[in-house]
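Asks: A structural model of the following input is requested.
(chains A and B)
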Protein chains: 2
Amino acid sequence: MGADNQQERLRNEGWIVGFVDGEGCFSVSIFKNPSMSLGWQVFPEFVVTQGERSLQALQVLQEFFGCGRIYINRRYDNHTENLYRYCVRSVEDLETKIVPFFKQNRLKTAKAQEFEKFVQVLSRIIERKHLTSEGLTEIRQIVQQLNSRSSESPETVRQASYQDEDTVRASGRPEEVG
Amino acid sequence: MGADNQQERLRNEGWIVGFVDGEGCFSVSIFKNPSMSLGWQVFPEFVVTQGERSLQALQVLQEFFGCGRIYINRRYDNHTENLYRYCVRSVEDLETKIVPFFKQNRLKTAKAQEFEKFVQVLSRIIERKHLTSEGLTEIRQIVQQLNSRSSESPETVRQASYQDEDTVRASGRPEEVG
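Replies: Now for the predicted structure:
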């Protein structure tokens, strides 16, 4: 790797951390889902939301991590622009791409603590503890610390927010990235 | 500079850009001020706001730029934590420290356009055009594009937001930075 590329990579890594410190969200939702053995589904997600004019910044994230999708959220029609959400929902991608990056490149805001809780939940999912009622109770307790808003009524909040969501672009190299 | 320091510097510069892409604001307010010749004062400001738990991230900015102050905003008492604002208001600091950095290190979101407008206003202030009515009209037009909210009633908005603001820490090296 040439010196210029190396410099660009370091700057870009720094930018990713700063942007996620500002706009990122490590979220865990717990849905009612009758098809699951305990009746609940645990849903971890890494999300960054931007208005339409900053869609390109989400494409930078998608290209950098090589995973995730960008969704358009048309619910906010009283705003001047549509909102877009870069989401990584695959447990495998979270485990192998997102988490290792933020372990290597520490967040500087309170999101560092949010990330730690997120990792705790994710490791329990990987160990399949979320399928036992002890594990689920433990995850609920962590989620409560992680996100006080979503812990109030996560299933309502999440179901509403996905109703009007369209995939914009599948994972992979986006068409236009600056 | 050693290779490690150089790497750290590049990462840190990238982080600053990403964090400002997420949380920064290049704002221009126009106040009524009878002591000014035209009765109006033009007030450019670079601001980054965070909750108390992320105060350290603002101290990183303050140390990096070597200017600006951190204010506490106690108005938001129905929130779980106080808000802190890192602000650079000195035209000289904006001109010699903030603007050159973001010219060198381009923002990736729509804030890049906000920054361009901000630079346009700042250069007019430096040329003292804001003291002529033609210049002031021109600045008002740029400000309207820059920030539709603050252009509605800037003086009200800004006066309200400064009423309960205390300086937390003067410019310079803060006591604790991670």
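Asks: Give me the distance between the two termini of stretch A:71-89.
Replies: Terminal residues of stretch A:71-89 lie 12 Å apart, using C-alpha to C-alpha, to the nearest Å.
Asks: ugh, wrong one, stretch A:95-104
Replies: Terminal-residue distance, stretch A:95-104 (C-alpha to C-alpha): 13 Å.
Asks: what bits of chain A have low per-residue confidence?
Replies: A:1, A:75-79, A:147-178 (pLDDT under 70).
Asks: What are the boundaries of the helices in it?
Replies: A:3-23, A:55-65, A:91-93, A:99-104, A:111-126, A:133-146, A:148-152, A:154-162 (DSSP state H).
Asks: can you pull the contacts of residue A:51?
Replies: A:79, A:81, A:82, A:83, A:84, B:110 (C-beta atoms under 8 Å, 6 or more residues apart in numbering or on different chains). Just so you know, the C-beta spots here come from the backbone N, C-alpha and C atoms, and that holds for glycine as well.
Asks: nope, residue A:55 is what I meant
Replies: A:70, A:84.
Asks: and the angle for the longest strand along chain A with helix A:111-126?
Replies: Longest strand in chain A, counting residues (DSSP state E): strand A:40-51. Counting by axes from the mean of the first three to the mean of the last three C-alpha atoms, to 10 degrees, strand A:40-51 lies at 140 degrees to helix A:111-126.
Asks: Go ahead and confirm residue A:129 touches residue A:138.
Replies: Yes: counting by C-beta atoms under 8 Å, residue A:138 is a contact partner of residue A:129 at 7.2 Å.
Asks: before we move on, back to that, direction included, what does the longest strand of chain A pair up with?
Replies: Sheet pairing of strand A:40-51 (DSSP bridges) gives strand A:24-32 (antiparallel), strand A:83-88 (antiparallel).
Asks: In a markdown table, list the ones you listed along with mean neighbour count and distance to residue A:46.
Replies: Output for the strands paired with strand A:40-51, formatted as a markdown table (neighbours: other C-beta atoms under 10 Å in any protein chain shown; distance: least, C-beta to C-beta, whole Å):
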| stretch | mean neighbour count | distance to residue A:46 |
| --- | --- | --- |
| strand A:24-32 | 20 | 6 |
| strand A:83-88 | 21 | 4 |
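Asks: between those strands, which gets nearest to residue B:17?
Replies: strand A:24-32 (15.1 Å; C-beta to C-beta).
Asks: and that closest one, C-alpha only, in CSV?
Replies: Taking Å, rounded to 0.1, in the frame of the first residue of the first chain, the C-alpha atoms of strand A:24-32 are listed here in CSV:
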residue,chain,number,x,y,z
GLY,A,24,-24.5,6.1,14.9
CYS,A,25,-26.8,4.0,17.0
PHE,A,26,-26.1,0.5,18.5
SER,A,27,-29.6,-0.6,19.0
VAL,A,28,-31.2,-3.8,20.4
SER,A,29,-34.9,-4.3,20.0
ILE,A,30,-37.0,-7.1,21.5
PHE,A,31,-40.0,-8.0,19.3
LYS,A,32,-43.0,-10.2,20.1
